[in-house]
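Here is a sequence together with a model predicted from it:
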Amino acid sequence: EKPGKPANIANIVATTQGLLPLTMKMPVAAPLSVAQVEELIAEGHIIVDTRSSPEFGVGHIPGAYHAHLSSPEFEQRVGWVTPLDTPVILVANDEEEAQRAIYNMAFIALDGRVTGYLDGGMTAWMDAGKAMATLPQLDVYALRDRLSSNGLQVLDVREDDEYDEGHIEIAKNLSFKLIPTQLDSLGLNPGVPMAITCATGKRSSTAASLLLREGFSELYNVTGGMAAWESADF
C-alpha cells in the first residue's frame, strides 16, 4: 500500500516550480459577517474551525472541518483533509488567531484559499440563532466503562507505527489523513456509536469532523487520547 501524499502536494509542487508564487507580503484574513458566511457556504465555501477540541465539541458550524491551531502541524492538517482548491472560511476565537491561522497556511501556499474569517466567531453565530453541531467529549474512564457495558466502536486515527506500539484492543486503525479516501475499507457502521482516539485528542477531533461529514452521527472524541489511557494504567 502506497503512503499518502504530503499535505497539499499540488500547491507545494506548483510553488517550487515557480507556477504559484509564494506570498511575499503578510497575508491578511478579512472579517466576514454571519450573513456573508452563510451565503458563501451556500456557494460551496468550507469552514475550517481552528479552535481547541473542547471548544469545537461544545458547538461548531455544521459540516466544519476541525484543525487545532495550536498543533505544530496545523497547516499540513488543513492541507491533508480539505478538498483541493476549495475556498476556506476560518472560525477562530478572535481576529488575532484568525490572522495567525492564515499566516501559518501561507507556509504551504494555502493562504490564497482563505476568503476570510467569521467576525465575532461562534458567539456571533450563536447570537444570530444559527444551527450548530456538537461533538461530545469522552474521558478515558467513561470510555472504559462504555466498552465493558455496551457496543461501542473505537477508531484509532494515529499513524501505523504509533498504533503498533500499543492500542485499545478492539480499536480499528486508519490515519486521520486517509479518512477522505480510505474510510470505506474499515467496514465501520455509521449507525453504531463510535469513540475516536489519537495520542492526545487533537487529531481525533479532526477525524471526527470528517466522519460527521460522512454521515456518522453518534461520535465521541476521547479527551487526552492514548496518553491519558496509558496514564490511567488501562
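Thanks, I have the structure now.

ok, residue 143 - contacts?
152, 154, 195, 197, 220, 222, 229 (Cβ atoms under 8 Å, 6 or more residues apart in numbering). Any C-beta I mention is one placed from the backbone N, CA and C, and that applies to glycine too.

That one should be in a helix, yeah?
Yes. Under DSSP: H, G, I helix; E, B strand; the rest coil, residue 143 sits within a helix.

From residue 218, how far out is it?
14 Å (Cβ to Cβ, to the nearest Å).

hmm, back to that, most surrounded residue in the contacts of residue 143?
Highest neighbour count within those, by other Cβ atoms under 10 Å: residue 197, with 30 neighbours.

Just the C-alphas of stretch 222-234, formatted as CSV.
Listed next in CSV are the C-alpha coordinates belonging to stretch 222-234 (Å, rounded to 0.1, in the frame of the first residue of the first chain):
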residue,chain,number,x,y,z
VAL,A,222,-11.6,10.8,23.5
THR,A,223,-10.0,13.6,25.6
GLY,A,224,-6.4,13.1,26.3
GLY,A,225,-6.2,10.2,23.8
MET,A,226,-3.9,7.2,24.4
ALA,A,227,-1.6,9.3,26.6
ALA,A,228,-4.5,9.6,29.1
TRP,A,229,-5.4,5.9,28.6
GLU,A,230,-1.8,4.8,29.5
SER,A,231,-1.6,7.3,32.4
ALA,A,232,-4.7,5.6,33.8
ASP,A,233,-3.0,2.2,33.5
PHE,A,234,-5.7,0.8,31.3
